[in-house]
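**Q** Give me a 3D structure for the following:
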Amino acid sequence: MIVTLAPNASTEHIQEISNFLGRSGWKTTPVQTQSARYLVGIGSKEIDLRQVSQHTGVQDVHRVTDVYKLVSRAWKVKPTQIELGDGVVIGEGSLTVMAGPCSIEDEQQVAETVDFLSSQGVQVMRGGAFKPRSSPYSFRGVGLEGLKMFASIARAKRVKVITEVLDVSAIEPMLDYVDVFQVGARNSQNFTLLDELGRVDKPVLLKRGLSGTLEELLQSAEYIFSKGNEKVILCERGIRTYEKAYRNTLDLNAIPYLKEKSHLPVVVDPSHGIGLRKHVPTMALAGAVAGADGLLIEIHRCPEEALSDGAQTLSFEEAAELFKNLEKLAAAGIR
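**A** Coordinates of the predicted model:
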C-alpha cells in the first residue's frame, strides 16, 4: 500500500494514519522525497482503502501488491519524466541519446567529443572518470580532476554529464560536476551506495546487475526512491549467460516488461549489451523500436586507441550514421 500524504498533513495527522494502519495489521514506513511525502504500508490483512482515504492528511491511497512499492506502476500510472535542464528530458515520449567514451582520457578527447555531439544534436555525454576494471592493471580513470575538466568543457556547450560513481565517499566531491550519477552493474546491489544516492537531488541511472533479475533491479531502484530520490532511470545493459559469442546477452524483453511494471524511464546500453562494435548500431535500433526511453552508447574519435572498451566503441562516423538512422525511425513514426 502507498499512502500519498497531503501537502498540509501535520505530524499528528501522519501519526494517526500510522496508528490506524498498525491496528489493522500494517507496518508503515514514512518516505519524504523531492516531490512528496508517503507512507509505505507492508501487510497482508484485508483493509478497506476507503477507510484509509477518509483520514485527514491523506491525499491518495493505492493498493500495491508488488514487493517493490514506490517504483511500481500500480500506483503511479503516468510515467515519470526526468528533466536535466536546457530542454533535456528522459522519459516516455522521447528517445534521449547519451554518448561518449567509456573512459575520459584527456582534454583534447573531451573537447572533440563534445563538439561532435553538439553537431549531432546530442545533449548528454557519458564518460567515466572513475573506472571499475576487472584487472587492477587496466586504466582506472582520470579521477576527480579529470571529471572537473570534463564538466567544464561539456557545460560550456550546454551538454549534460553522466558518469559513474563507485562509492559513497565519492558522491559529495562529484556532486557539482555531475548531472546524472551512474551506478554500474557491479554496484547494482551496493545498498549502502544506493541509500546515499537516495539522499541527493540528482538523477541516478541504475544499471542491471551482471546476473541480476528484473525484480532485483526494481528492488535496487526502490532503495534509492525510498530514501528520497524519485529521479531514477533503469538501464538494461545485458546480463551474463552461458553464451560466449559476445560480451553479454542484451535482454530486450526487459524494456516492455519494465515499462509495464514501473513508472520509471528505461534506457538501453547496447555497447555493453553485445560488446561487438559492428553490431552495436543494430542493437541500439532494436532497443529504440522496443520502446526504450534512451540509449547509452560508447563512442570515441579513434576506438582502436581507446584506453578501455575499444572493441565495443563506435567511431564518430559510425555514431553519426546511427544517429541518422534513429532520426529515420522517428520520422517513420516507429519511435
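
**Q** I figured Asp101 hits Gln109, correct?
**A** Rather than Asp, residue 101 is Pro. Yes - the pair Pro101 / Gln109 is scored as a contact, 6.7 Å apart, by Cβ atoms under 8 Å. Quick note: C-beta positions are derived from backbone N, CA and C, even for glycine.

**Q** what do the two both touch?
**A** Residues touching both Pro101 and Gln109 (Cβ atoms under 8 Å, 6 or more residues apart in numbering) are His300.

**Q** Which residue comes closest to Asn248 once chain neighbours are left out?
**A** Gly238 (2.9 Å; Cβ to Cβ, 6 or more residues apart in numbering).

**Q** got it, and Glu321?
**A** Pro281 (7.1 Å).

**Q** What strand or helix carries that neighbour?
**A** helix 280-289 (DSSP states H and E).

**Q** So which bits of that helix are buried?
**A** 280-281, 283-288 (16 or more other Cβ atoms under 10 Å).

**Q** could those go into a markdown table alongside pLDDT and distance to Asn253?
**A** Converted to a markdown table, those look like this (pLDDT from 0 to 100; distance: Cβ to Cβ, whole Å):
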| residue | pLDDT | distance to Asn253 |
| --- | --- | --- |
| Val280 | 98 | 19 |
| Pro281 | 98 | 20 |
| Met283 | 98 | 13 |
| Ala284 | 98 | 17 |
| Leu285 | 97 | 17 |
| Ala286 | 97 | 11 |
| Gly287 | 97 | 11 |
| Ala288 | 97 | 15 |
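
**Q** quick one, helices of the stretch 101-250 of the chain?
**A** Taking DSSP state H, counting those that start in this stretch as the test, the helices found in the stretch 101-250 of the chain are 107-119, 143-156, 168-174, 191-197, 214-226.

**Q** right, so these: which one is the most enclosed?
**A** helix 214-226 (a mean of 22; mean count of other Cβ atoms under 10 Å).

**Q** other SSEs contacting that one?
**A** Secondary-structure packing of helix 214-226 (3 or more Cβ pairs under 8 Å, 6 or more residues apart in numbering; DSSP states H and E): strand 27-32, helix 191-197, strand 204-207, strand 232-236, helix 254-261.

**Q** ok, and which of these has the densest surroundings?
**A** Note that of the helices and strands packed on helix 214-226, strand 232-236 is the most buried (mean count of other Cβ under 10 Å), with a mean of 27.

**Q** quick revisit: just the closest of the buried residues of helix 280-289 to Lys328, please.
**A** Leu285 (9.4 Å; Cβ to Cβ).

**Q** Where does the closest residue in space to that closest one that isn't next to it in sequence sit: helix, strand or coil?
**A** Among residues not flanking Leu285 along the chain, Asn325 sits closest, at 6.1 Å (Cβ to Cβ, 6+ apart). Per DSSP: H, G, I helix; E, B strand; the rest coil, the local secondary structure of Asn325 is helix.
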